[in-house]
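Enquirer: What shape does this take:
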Amino acid sequence: MRTVELSTGVHIAVQDVGAGPVVVLIAGFALTHELWDRQVRVLAEKGHRVVCVDLRGHGDSDAPLDGYDVAALADEVTAVLDAVDVRSCVLVGHSFGGLVAFRMAARSPRRVTRLVLVGSNGVAACRTENFPFGRPGPALLARVVEAEHAGRVPARRAALVASFATGPAPDAAVIDWLMSMSLQMPSWAAIACFRSLFTCDHVADLPSVTMPVVQVVGLADPVHSFKGAAWLQERLPDAHLVEIAASGHYPMLETPDEFDHVLLAALGHEAIEITPAG
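Expert: As a prediction, the model looks like this:
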């Protein structure tokens, strides 16, 4: 791991492994580069340079009191890539990281050659005036902030467990591991990211996202709106939607073999049936 000091004085943690065409990975809310451990190995073994960025307030990055707007976080990722000399990349974002990745792709279309969204609709996480899918943001925001104030440890654990596909409970060791990442994020950063997550609306950025986009959707995902994914697919010029039937919100953990196969296919290493938009 290394850190990049931004012009604001904030330090952002970066994991940089391998050599070759660059893949940039951004984890979801409260999670870190560790989420991608298996994918870093798989991609590096296929001849890629793999760069994982811990967003502000996440993992080993600094966690100041403010600066957690999705657009600001996207600009920070861009600044980090400038600092580590990444001029062109495939950008992969999971959940909250998908919102950040979409915004960055819209602002830097020449840098992002392909965008992969995992468990994310890219433009919004909740129902807005422009995006008619998901739960209403204000009520959900009030509930999660109240839970964070009341007890962030049980609240975050419950949220993680509820994000997996229904059925047998996820392995306790996996939840413990995710919790070890999540609790690195202080409550003020979490609440600020909750506000960004449940209020952002980047539908206006759609015309700027002209590169190929692959959406990876777990059909048993209780968090992500599949209808929203289909809506997004229809509005992008070069979009593909990949469904993983047995997965919830964490396909890299729940169905890792299938997820790796899809990711490698998105990068052109393997063949897989991907349904094009339209």
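
Enquirer: Centre of the chain to whichever helix or strand A142 is part of, how far?
Expert: Applying DSSP states H and E as the criterion places A142 in helix 137-162. From the chain centre to the centre of helix 137-162 is a distance of 19 Å (CA atoms, centre = their mean, to the nearest Å).

Enquirer: tell me which strands and helices that helix is in contact with?
Expert: Using 3 or more CB pairs under 8 Å, 6 or more residues apart in numbering; DSSP states H and E as the contact definition, the elements that helix 137-162 packs against are helix 172-182, helix 187-199. C-beta here means a position set from N, CA and C on the backbone, and glycine is covered the same way.

Enquirer: In a markdown table, list these along with mean neighbour count, mean pLDDT and distance to G248.
Expert: Compiled in a markdown table, these are given as follows (neighbours: other CB atoms under 10 Å; pLDDT from 0 to 100; distance: least, CB to CB, whole Å):
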| stretch | mean neighbour count | mean pLDDT | distance to G248 |
| --- | --- | --- | --- |
| helix 172-182 | 15 | 97 | 12 |
| helix 187-199 | 20 | 96 | 18 |
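
Enquirer: wait, which of these is closest to R103?
Expert: Shortest distance between R103 and the helices and strands packed on helix 137-162, using CB to CB, is found for helix 187-199: 10.4 Å.

Enquirer: Quickly run through the sheet partners of the following helix or strand past the closest one, with directions.
Expert: Per DSSP H and E, the first helix or strand lying C-terminal to helix 187-199 is strand 213-218. Paired strands of strand 213-218, with direction, are strand 112-118 (parallel), strand 239-244 (parallel) (DSSP bridges).

Enquirer: which residues touch F96?
Expert: Contacts for F96 (CB atoms under 8 Å, 6 or more residues apart in numbering) come out as 28-29, 120, 125, 193, 196-197.

Enquirer: my bad, should have said V123
Expert: Applying CB under 8 Å, 6+ apart to V123 gives the contacts 99, 102, 130-131, 201-203, 205-206, 232.

Enquirer: What's the ChimeraX syntax to select whichever of those are buried?
Expert: Those of those that meet the burial criterion (16 or more other CB atoms under 10 Å) are gathered into one ChimeraX selection, given here:
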select :99,102,131,201,202,205,206,232
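
Enquirer: Would you format the contacts of F96 as JSON lines with distance to S7 included?
Expert: What follows is the contacts of F96, written out as JSON lines (distance: CB to CB, whole Å):
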{"residue": "G28", "distance to S7": "26"}
{"residue": "F29", "distance to S7": "25"}
{"residue": "S120", "distance to S7": "28"}
{"residue": "A125", "distance to S7": "29"}
{"residue": "C193", "distance to S7": "22"}
{"residue": "S196", "distance to S7": "21"}
{"residue": "L197", "distance to S7": "25"}
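
Enquirer: ok, so of the residues you listed, who is nearest G218?
Expert: Within the contacts of F96, the smallest distance to G218 is 11.3 Å, found for S120 (CB to CB).

Enquirer: so the closest one sits right up against V223, yeah?
Expert: No - S120 is not in contact with V223 according to CB atoms under 8 Å; the separation is 9.4 Å.

Enquirer: For these two, indicate the residue with more neighbours.
Expert: Looking at S120 and V223 with other CB atoms under 10 Å, you find the greater number of neighbours at S120, namely 31 against 20.

Enquirer: Great, nothing more from me.
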